[in-house]
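1. mind folding the following:
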Amino acid sequence: MHPALVMFRRLDRYIVPVLILAGWEAFSRSGALPAALLPAPSTVTWAWADWVFGTDGNTLTYSGHWLFDMLASLSRVLAGFAIATALAVSIGVAIGWSRTVEVIIEPTLQTLRPIPPVSWIPLAIIWFGIANKPAIFLVFLGAFFPILLNTIHGVKTCDRNLIRAGAMVGGGNRQLLRFIVLPAALPSIFAGLRIGIGSAWMLTVTAEMVAVKSGLGYVLWDSYYFLRYDLVLAAMASIGLLGFLSDFGIRLVMARVLHWQRNTTIQSGES
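-> Numbers count the residues shown, from 1 in each chain. Alright, predicted model coming up:
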């Protein structure tokens, strides 16, 4: 392959972000909108740098406080996501494998699923108070249903012939689930985990706006009240970056666990 083409393929993923940032910078500096209402990326970066490193104190009380805010949000996301993963995978496998469990549990879950997680905020505050627990509860709600539905789908779409073959060699239900059904469902489960981690980040920010006094979502909302839209955008960028890194981590685990898919799928052919 030509070296120029190789270089282009390495850089092509940066083309769209660079174009967006350049257009945003040019539009902000054009004066079409007041600079305070639409800060340029360079202004946002300056505020973000002070928030992270405490460079010149332009973010006042938040100067140099980014790490603490990030860890507060990250701990809530990991706690809620871990609980959601454990429960959703367990219940999803049970619903997908057993018709009886499906009849008993799934109608209730499908009734609860359309309820927006943010509508649980008043009850979460009443039940858990103003602290981490309501935020973790909302994160759990946001991540639970995507993981659950994908797990059910993965179990139900397992090749019946594989299960028959396992049963013919003497495999019981436990062996069939462990060695055939779960491995076959893993691609769908990981798809649910990737959707769930995105929902978890969205919900932790919503929760931090009303239920706690720390974290990236709280900084975003507090900055809005003081018209610091550069810090609002820095908080949004922080959340997007952490969401991207969380998804990247799941993709790394997925590539390692689903190594048997290597060189057999479209995705592996792209790498």
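
2. which non-adjacent residue is nearest Pro39?
-> Among residues not flanking Pro39 along the chain, Asp230 sits closest, at 4.1 Å (C-beta to C-beta, 6 or more residues apart in numbering). (Glycine included, C-beta is placed from N, CA and C.)

3. same question but for Leu33, I mixed them up
-> Excluding the flanking residues, the one nearest Leu33 by C-beta to C-beta, 6+ apart is Phe27, at 7.9 Å.

4. ok, that neighbour - how many residues close by?
-> Close neighbours of Phe27, defined as other C-beta atoms under 10 Å, add up to 13.

5. rewinding a little: what is the burial count for the residue nearest to Pro39?
-> 26.

6. got it, and Lys213?
-> Counted by other C-beta under 10 Å, the residues lying close to Lys213 total 10.

7. could you find the closest non-adjacent residue to it?
-> Sequence neighbours aside, Ile130 is the residue nearest to Lys213 in space, at 7.8 Å (criterion: C-beta to C-beta, 6+ apart).

8. now do the one you found against Val210, distance only.
-> Using C-beta to C-beta, to the nearest Å, Ile130 is found at 9 Å from Val210.

9. okay, these two: which has more neighbours?
-> A direct count of neighbours by other C-beta under 10 Å for Ile130 and Val210 places Val210 higher, at 18 against 12.

10. against Thr85, how distant is the more buried one?
-> Where Thr85 is concerned, Val210 sits at a distance of 25 Å (C-beta to C-beta).

11. and for Ile163?
-> For Ile163 relative to Thr85 (C-beta to C-beta), the value is 25 Å.

12. so which of the two has more stuff around it?
-> Shown here are Ile163 and Thr85; by other C-beta under 10 Å, Thr85 has more neighbours (22 against 16).

13. check the more buried one and give its pLDDT.
-> Note for Thr85: predicted pLDDT of 96.

14. I figured it hits Ile147, correct?
-> Yes: with contact defined as C-beta atoms under 8 Å, Thr85 and Ile147 form a contacting pair (5.9 Å).

15. any residues in contact with both of the two?
-> Among the neighbours of Thr85, those also in contact with Ile147 (C-beta atoms under 8 Å, 6 or more residues apart in numbering) are 193, 196.

16. returning to that earlier point: these two touch, right, the residue nearest to Pro39 and Leu38?
-> No: in this structure Asp230 lies outside contact range of Leu38 using C-beta under 8 Å: 9.8 Å.

17. what average pLDDT does stretch 16-35 get?
-> 89.

18. now stretch 103-115
-> For stretch 103-115, the mean per-residue pLDDT is 91.

19. run through who's touching that stretch.
-> By C-beta under 8 Å, 6+ apart, the residues outside stretch 103-115 that reach it are 91, 94-95, 145, 148-149, 152.

20. quick check, nearest of those to Ile197?
-> Nearest to Ile197 out of the contacts of stretch 103-115 is Phe145 (C-beta to C-beta; 13.4 Å).

21. what about the closest one, distance to Pro117?
-> Per C-beta to C-beta, Phe145 is found 9 Å from Pro117.

22. same thing with Thr206?
-> Thr206 is 8 Å from Pro117, by C-beta to C-beta.

23. so for these two, which residues contact both of them?
-> Contact criterion C-beta under 8 Å, 6+ apart; residues shared by Thr206 and Pro117: Leu138.

24. what about the helices in the stretch 101-250 of the chain?
-> Using DSSP state H, counting those that start in this stretch, the helices found in the stretch 101-250 of the chain span residues 121-128, 132-156, 160-168, 173-176, 182-210, 216-225, 229-257.

25. now do the same end-to-end measure for stretch 112-125.
-> Start to finish, the residues bounding stretch 112-125 are 19 Å apart (C-alpha to C-alpha, to the nearest Å).

26. tally of neighbours for Arg76?
-> 31.

27. let me fix that, I meant to ask about Gly64.
-> 14.
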